[in-house]
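# Need coordinates for the following:
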Amino acid sequence: MAANGAQQVFAPVLAAHDTMQSGADRAQKEQAHQFLERFQKSEEAWTTTFAMLETNNVDAAAKLFAATTLKGKIVYDLHQVPRDSLPNLRDSIMRNLATFHAGPKPIRLQLCVCLANLAIQMTEWKDVLSSIVSTLGSDPSTLPCVLDFLRVLPEEVTHGRKINLTESELAARTHELIEENAQQALTLLVQYAQSSPAAAQNPQLLNCVTSWIREVPLDDILTSPLLAVIIDALSAPEPFEAAVECLCALIGETKDVDEAMNTVLSLYPHVVALRPKLAQAASEEDTETFKGLARIFAEAGESWVLLIARLPAEFRGLVEAILETAALDQERDAISHTFKFWYDLKQYLTLEKYSDAKAQCAPVYAKLVDIMVGHLEYPKPDTGDEKDLFEGDREQEEKFREFRHQMGDVLKDCCEVMGVTECLQKPYNLIQAWVQTYGPQAGPNHVPEWQKLEAPLFAVRAMGRMVPPDENSMLPRLIPLIVAIPDHHKVRFQAVMALGRYTEWTAQHPETLQPQLDYIMGAFEHSTKEVIRAAALSFKFFCNDCASLLVDFTVPLQQFYTKYLNTLPISSQEEITEGVASVIARVPIDKLYEVLKLYCDPVMQSLMTIAAQAKEELEQKLLADKINLITIFVEVIRPEVPTGQEHPAVKYCQEIFPILGNIITHFWKSVPVLERVCRCWRYMVLSYRTAMRPLLPDLATKLTQGFDTSRQGCFLWATASIVREFSQGIENVDPSLANDVFQFYEQQAKTFLRILNDLPPEELPDLIEDYFRLAADMVLYYPHESISSPLMETVILAACSSLTLLKEEPILATLHFLRDFLGYGRNHAPSSSFDTTRHEVPQQIQDRVKQLVVASGPQLVQRIMTGMMYSFPEGCFPDSSGVLLDLFDLMPEQVAVWVQSTVNMLPAGSITQQESDRFLNNIKQRIQTGDIRMIRTILQDFTTSYRRRNVAPREGLGRLEALRFRFSG
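Below you'll find the model as predicted:
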C-alpha cells in the first residue's frame, strides 16, 4: 500500500516527464515543462524525488530526473530543510548511492554531486571524506561510489559560488573539504591503484586524479606511483582517454615554467617517449589513439612554449613530435590540436631576444609549410565524379572548408618566422612544377591533377596579408604565372581570390595592374557563380587599393559597371558598387558631380522602374536592395569641400531626395524599403554633415511624417544622425538651428510615447530599442534641453515599462539610456565632446536628475530588481546592476528604502526572512561605511541566488507586476 501511495504522489511527475520524452505536440510539452519546473521548486519535491529513486518500477530516465532535481534542491533550496534534519538527508543520499553502486552511472554520479553539495553547506559535518570511505569504501562493490565522490568534490567546491554561502564561509569550507583532505585523497588513490592490476587501469581512478591535480602539490603526484599508472594507462584501450585527460591536466599545471621547471624536466622524457606510438597509431589507422597523443603533444607544446623559445635544442624532440603529428594526420582529425602551438611559438620567436631560436626553428616552419599545403588539397573522389568531391558528405565538405582557413592562419605564422619571400617560394615552386608537368596536357575542359595547382594558389592567397607592398622577389614572378593558368572553376576561383589579396602590392607596382584587372574582369563572364562572386570581391579590392591608378578610367569603368551590375547577385552588386565608388571618391571636386551623376543616374532609373511595378514583397525587397546601392555611393564618396563652395555630392542628393521621399510615401507598409531609404538619408547626414543643412527642413518633415505613419524605428535611426551632427558646439550650428533640431526630436519622442500608450511593450521590442538609442544620444548631445524637458519624466516611465521585455537588445538600450541620464546627476558628465576635458554639470541639471529619480525611483528600482530576479537575459546583468549602483551613488538611503520595499513585495515563500534581513543589512552596512561600489556585488549575488531558486509564478508577479504605461500628450 505504501508503495502504491508513493506512486500516487509522483504519478503526475512521471506523466509530465513521459510527455517530455514522447512525441507529444509542442503545447503539451510546454505545459509539461512548466509543471516540472514548478515541481522542482516546490517543497514536496524533497520527498517525491526519494520516492521515485526508491521505487523499483520507475524507469532509469525518470530516476535520473529525480536525482537531478534533488541536486537542484540541495544547491538552491536547502533552506527548506530544518537544520536538524540534514543528517537524515545525508544518510538517505548515501543509502541510495549504495543502491546505485552498479549504475546507471549518470544516476550514481548525480547522487555523488548531491552529497558533495550537501557537504559544502552542512558545515557541521567535519569528517566528510572519512565517513564516506568508512560507509561506502569497505565493500568492493560500492568503491565506484567513493571514486565518483572523490572526483566530483573538488569540482563542486570550485563552483561553490552558486551556493548560498558568504565568501568567507565558502573559503573556510573549501579549506576544510579540499586543502585539509588533499593528502588523504592522494593516499586513498595510491592505495586503490596498488590494490590490483584492474584498479590501476580503471578510468574512474584517472578521473579522480585529474580532479585533484590542482589541489595536491604536483611533486607529490610525480613522486608517487600514480605517475607510472597514468603513463601505463596510455598503453591500454579502456583507460586511454581518461589517461590522456589526466596527463594533459598534469602538463597544464606546469605553464608557469620558471616555477615548475623541475616538474617539466620530470615529465618531458615521458612525453617525448610517446612519439613512436604516434607513427604506430597512424599506420594502424587508430584514429582515437592518434588524436589522444596529438592532444598530449599539443598541450605540452603550449604549456612549455617559453622553454622551447629559450632552449630550442633541448626541446627539439617535442617540436618535431608536434610536426610529425601534423604530417601523419591523413584524416585531418588531430592536426587542429597543433594550430595554437605554432601560433604561440611564433609569438615568442618573432621577439628580438629569441632571434637565435627563430633561426633554429625556421627549418621546422619550412617543413610545416610543405605539410600544410599538402593538407590543403581537395580530395580525389573514388567515383571519379568531379562534381561531388566529398561523395555526398556535406558535413565533411563544410569541415574541410573551415579547416582550410585555419591552416591558412598557420601559413601566416610561418611567414613571420621564415620570412614572406621564403614562404612564397614554396607555393611558387609547386605551381611552376605543375605547369611544367601538366600544363601541356591542360585544355578548355580538362585540367589534370588540378588539386595540386589549387592548393598552392590557396596558400598564396592565405599569405597575402603578410606580404609587404615592397616585396620584389617572388610576386613579380608569381603574378604573371597566376594570370596565365588554365581555366578550371576551382582553380580560377582560387586564382581570382589570391589576386584580390595583393592589391596593395599592385598599387605600388602599376605595371602589373592591367593583366590582373583583365583576368578579374574576364571572370565576370565565367559559367560558375562561385567564380563570378569571387571576381566581384576582388574587383572591389582592386578599386579600393588602386583607385589613384584607375581615376582616369571612370568612363570605361562605368560602362563595365552598367553592363554587369544587374547580372550579379545583390552581395556582388554591393561589392562592385563599393569598388567604383572608391574610384569616384578620387575624382577632383570640379568634376565629381558629373561623374557621380553618370554612375548613379542609371541606378536611380532602374530603381524607379522597379518602384513603378513593385507590388509583391519580393519586388519590394529588390527595390530596397537598389536603394542600398545609392547608399554605398553616399557612404564612400566623402569629398573635402571648402566652406562656402557648393558641395557636389549634396547637389546630387538634392536631386534624388524627392524621389526617395515619394518612395517613402508610397511604400509606407514595406519595412525593407523604409529601412533602406532611412539608411540612405542617415548616411547623407553622416557623410556630408553640416553641408546637408539646405536639405534639413525637408528631411526632418519626411522623417516626422514617415514615423507617424509607419511607426517604424528606422526613422529614429535617421533622426539620431541629425541629432549627432547638428548638436550644439558643432561648427556652423547656431543656437536657433540646435533648437529646431531639439523640437524635431520632441516630435519624434511624442509619437513614440503615443505608440507605447497604444500597444504593450512586447509588441514593440525593436522600436523600443531604436527609441532609447536615440534618447541616449539626446542626453549626450542635448543634455540641458532633454533633461530639463517636461517630457523626460514620461520618458523615464516609458523606460520602466520597457524593462518588462524579455529580449536582450531593447533592455540594454533602455539601461544604457538610464545610465547616461543618471550620469548627469554627478559633478562630471559623460561627455559627448571630442575634447578630453570633462564637462562640469550645472547644479540645476544635477538637481533636476535627482528630482526625476525621486519621482520615478520606486518604480525604476522595482522593475530592474524584478528583471534581475525573474526575466532579464544574462547579458543585461552588468548594466542593470550598474543602473542600481548609479542610483545608490546619487541617494543611497532613499534607494535602500526602495530596494527594501521591492524585497517586501516578493511572493510569499520565495525567500526566508533571514535571507531578506541579511541582504538588506549588508546594503545598509556598505552605505554606512561609504563602500557604495560593493553594493553592486551584493545586489548581483542576491538576485542571481534568488533567480536560481525561483521561477516566475504562473499567476503573475503580484505586487511586482508592471503597471501599464500611459501617455496623453
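# where does this protein have low pLDDT?
Across the chain, the ranges flagged by pLDDT under 70 are 1-8, 160-164, 166, 382-386, 390-392, 831-838, 949-964, 969.
# how's it carved up into domains?
Domain assignment for the chain, taken from the TED database, gives 44-179, 197-253, 739-831+839-959.
# wait, which of these is closest to E397?
Using CB to CB as the measure, domain 197-253 is the one of those that comes nearest E397, at 28.2 Å. All C-beta spots, glycine's among them, are computed from the backbone N, C-alpha and C.
# now the end-to-end length of the closest one.
Counting by CA to CA, to the nearest Å, the length from the leading to the trailing residue of domain 197-253 is 28 Å.
# And that domain, how far out from the chain middle?
Centroid displacement of domain 197-253 relative to its chain, using CA atoms, centre = their mean, to the nearest Å, is 34 Å.
# Make JSON lines out of the domains of the chain and add distance to G317.
What follows is the domains of the chain, written out as JSON lines (distance: least, CB to CB, whole Å):
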{"stretch": "domain 44-179", "distance to G317": "33"}
{"stretch": "domain 197-253", "distance to G317": "15"}
{"stretch": "domain 739-831+839-959", "distance to G317": "46"}
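# Save those domains as TSV, and put in mean neighbour count and distance to V373 too.
Formatted as TSV, these follow (neighbours: other CB atoms under 10 Å; distance: least, CB to CB, whole Å):
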stretch	mean neighbour count	distance to V373
domain 44-179	18	43
domain 197-253	19	29
domain 739-831+839-959	18	42
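# Which one of those lies nearest to V496?
V496 lies closest, by CB to CB, to one member of the domains of the chain: domain 739-831+839-959, at 37.9 Å.
# from the middle of its chain, how far away would the closest one be?
Taking mean C-alpha positions (CA atoms, centre = their mean), domain 739-831+839-959 and its chain are 26 Å apart.
# Repeat that for stretch 99-113.
Relative to the mean C-alpha coordinate of its chain, stretch 99-113 is positioned 35 Å out (CA atoms, centre = their mean).
# How about stretch 84-93?
Offset of stretch 84-93 from its chain centre (CA atoms, centre = their mean): 43 Å.
# can you check stretch 59-73 too?
Taking mean C-alpha positions (CA atoms, centre = their mean), stretch 59-73 and its chain are 32 Å apart.
# So which residues make contact with that stretch?
Stretch 59-73 is contacted from outside by 13-14, 17-18, 21, 36, 39-40, 45-46, 48-50, 52-53, 58, 80, 93, 104, 106-107, 110-111, 113-114, 117, using CB atoms under 8 Å, 6 or more residues apart in numbering.
# what about the helices in the stretch 301-450 of the chain?
Counting by DSSP state H, counting those that start in this stretch, one finds helices in the stretch 301-450 of the chain at the ranges 305-310, 316-328, 336-349, 355-375, 394-418, 420-438.
# The stretch 51-200 of the chain too?
Taking DSSP H, counting those that start in this stretch as the test, the helices found in the stretch 51-200 of the chain are 60-76, 86-99, 105-121, 128-136, 143-158, 167-177, 182-193, 197-200.
# For A581, which of the ones you listed is the nearest?
Comparing the helices of the stretch 51-200 of the chain by CB to CB, helix 143-158 comes nearest, at 55.1 Å.
# Against which helices or strands is that closest one packed?
With contacts defined as 3 or more CB pairs under 8 Å, 6 or more residues apart in numbering; DSSP states H and E, helix 143-158 has these neighbours: helix 105-121, helix 128-136, helix 167-177, helix 182-193, helix 203-212.
# Please convert those to CSV, extending it with distance to L537.
Supplementary listing: the helices and strands packed on helix 143-158 in CSV, determined by distance: least, CB to CB, whole Å:
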stretch, distance to L537
helix 105-121, 50
helix 128-136, 63
helix 167-177, 54
helix 182-193, 58
helix 203-212, 47
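# and of those, who's closest to H816?
Counting by CB to CB, H816 lies closest to helix 167-177 out of these; the figure is 30.1 Å.
# That'll do, ta.
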